[in-house]
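Chemist: Need a 3D model of the following:
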Amino acid sequence: MDIATPRRRIVHDMLFGIDGSGWHPPELRDGIGFRRSGPGRLSILRVALPAGAGRGEAQLLLLADEAIPAPALFLNGHALDTASRRVGPGAVLDFTWGEDAMPEPGLAEFWFLADRMEHVPASGGGMRSMGFRLCALGLETAEAGPTTAPDAVARIAGERFLREILPVAPGRLRLAFRETEGARVVEAVTEGARLGPTPVPGLAIGLRADGNALHVRLGAPGGALLAATLRGAGPLVLPGALAPRDALLMARFLAALPSAYGAWLDTAMRGAAPDAALLGAWRRDVARLARAAECALAVALADGPSVFGADPAAPFAWPVVG
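Modeler: Take a look at the predicted model:
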């Protein structure tokens, strides 16, 4: 992959605190720190990155005569090409990514799918399932990285405004995947979801990926089904039955789904041997939906009815059935 000359390097040492899941506590061996993957095959590491293409290397610790591990690597649901090489007492897994994997700055989500696991005795008895040993993750990006933007004050004020005037919470997800009639379908039920100040217990979410179209359904007990559609690069078509403020709340809710999906992965993948390609496809779809929802939100705030005078305590007006 041809990318611009990298200008910024980020090194994440696995001895220190991490944002992610699927890792055992840090260890030291011959003065080298690392974490072992496990107990499931999927391990997740989240690191703040600027937008655009880049390259990286995962530094692995090997034991004597140990074969180089070959974990599959994903960034934000995009499978990455990798190449391994031995370096001293360990190995390095080299990889690159394109702009499509990191279209905007933010928290990059790296997935490592271990190719093999072993069971070793645990200190308190029983056995532990463990994979490869990751010492550090080094990342180089084509962009200079985050700086203090000239519009930083406006962006901070805007985020605070959205949290106060249009608060949402996606809650905790429970997901079920299936395929039907040539399409991928995921069905979810949320716990603790809120639209504005209104709790929505038992909120059901349905996503259907059919070609380049993504169909969204939201359903609450006693309420009408809310439908939205995204085709290709957009725009996202929100339901017309909602009041302007409630349509913005729905857009905010959809934009928050990637973080809820990541939280579900952290919990559901413990000890699992998942279909990483399927999970990655949905990770890309949810990110595409979130970007389209944020665009719809921006257009509505710029050109639609003003919500600055809206009462943030007003309940979400869910359309009634019939």
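Chemist: how many other residues sit next to Leu61?
Modeler: 23 (other C-beta atoms under 10 Å). Any C-beta I mention is one placed from the backbone N, CA and C, and that applies to glycine too.
Chemist: Surely it is in contact with Cys135?
Modeler: Yes. Shown here, Leu61 and Cys135 form a contact pair, counting by C-beta atoms under 8 Å, at 5.4 Å.
Chemist: Find the residues that touch each one of those two.
Modeler: Jointly contacting Leu61 and Cys135 under the rule C-beta atoms under 8 Å, 6 or more residues apart in numbering are Ile32, Phe34, Gly90.
Chemist: Rounded mean pLDDT for whichever strand or helix holds the second one, please.
Modeler: Assessed by DSSP states H and E, Phe34 sits inside strand 32-36. Model confidence over strand 32-36 averages 96 on the pLDDT scale.
Chemist: In this structure, what residue spans correspond to helices?
Modeler: For the chain, applying DSSP state H gives helices covering 152-165, 244-255, 257-268, 276-303.
Chemist: Mean neighbour count, the ones you listed: which tops it?
Modeler: Mean neighbours per residue, mean count of other C-beta atoms under 10 Å, is largest over the helices of the chain for helix 244-255, with a mean of 23.
Chemist: I'd like to know which elements that one is packed against.
Modeler: Secondary-structure packing of helix 244-255 (3 or more C-beta pairs under 8 Å, 6 or more residues apart in numbering; DSSP states H and E): strand 168-169, strand 194-195, strand 213-219, strand 226-231, helix 276-303.
Chemist: what angle sits between it and helix 257-268?
Modeler: On the basis of axes from the mean of the first three to the mean of the last three C-alpha atoms, to 10 degrees, helix 244-255 is oriented at 40 degrees to helix 257-268.
Chemist: quick one, what contacts Leu73?
Modeler: Leu73 makes contact with Ala58, Ala79, Leu80, Thr82, Leu93, Phe95, Phe110, Trp111, Phe112, Leu113, according to C-beta under 8 Å, 6+ apart.
Chemist: Can you tell me the closest non-neighbouring residue to it?
Modeler: In this structure, Leu73 finds its nearest non-sequential neighbour in Leu80, 4.6 Å apart by C-beta to C-beta, 6 or more residues apart in numbering.
Chemist: Out of the contacts of Leu73, which is nearest to Ala209?
Modeler: Ranked by distance to Ala209 (C-beta to C-beta), the contacts of Leu73 are led by Ala79 at 17.0 Å.
Chemist: Dig out what that closest one forms beta bridges with.
Modeler: Beta-bridge pairing of Ala79 under DSSP bridges involves Phe74.
Chemist: my guess is it contacts Leu279, does it?
Modeler: No. Ala79 lies out of contact with Leu279 (C-beta under 8 Å); the separation is 11.1 Å.
Chemist: Name the residues contacting each of these two.
Modeler: Counting by C-beta under 8 Å, 6+ apart, Ala79 and Leu279 have no contacts in common.
Chemist: now the nearest residue to Ala58 once chain neighbours are set aside, which residues is it bridged with?
Modeler: Nearest residue to Ala58 in three dimensions, chain neighbours excluded: Leu93, at 4.1 Å (C-beta to C-beta, 6+ apart). Beta-bridge partners for Leu93, by DSSP bridges, are Ala58, Ser84.
Chemist: neighbours around Leu93, how many?
Modeler: For Leu93, the count of nearby residues is 23 (other C-beta under 10 Å).
Chemist: any idea how far Pro71 is from it?
Modeler: Plainly put, Leu93 is 7 Å away from Pro71 if you go by C-beta to C-beta, to the nearest Å.
Chemist: rewinding a little: mind putting the helices and strands packed on helix 244-255 into CSV with mean pLDDT and distance to Gly158?
Modeler: Below are the helices and strands packed on helix 244-255 laid out as CSV (pLDDT from 0 to 100; distance: least, C-beta to C-beta, whole Å):
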stretch, mean pLDDT, distance to Gly158
strand 168-169, 94, 15
strand 194-195, 94, 20
strand 213-219, 95, 25
strand 226-231, 95, 23
helix 276-303, 93, 9
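Chemist: residue contacts, Tyr261?
Modeler: Residues in contact with Tyr261 (C-beta under 8 Å, 6+ apart) are Leu173, Trp282, Arg283, Val286.
Chemist: among the helices and strands of the protein, which one scores worst on average pLDDT?
Modeler: In the chain, no helix or strand scores lower on mean pLDDT, DSSP states H and E than helix 152-165, which sits at a mean of 73.
Chemist: how many neighbours does the nearest residue to Gly54 once chain neighbours are set aside have?
Modeler: The shortest distance from Gly54 to any residue other than its chain neighbours is 3.9 Å, reached at Thr141 (C-beta to C-beta, 6+ apart). By the criterion of other C-beta under 10 Å, Thr141 has 25 neighbours.
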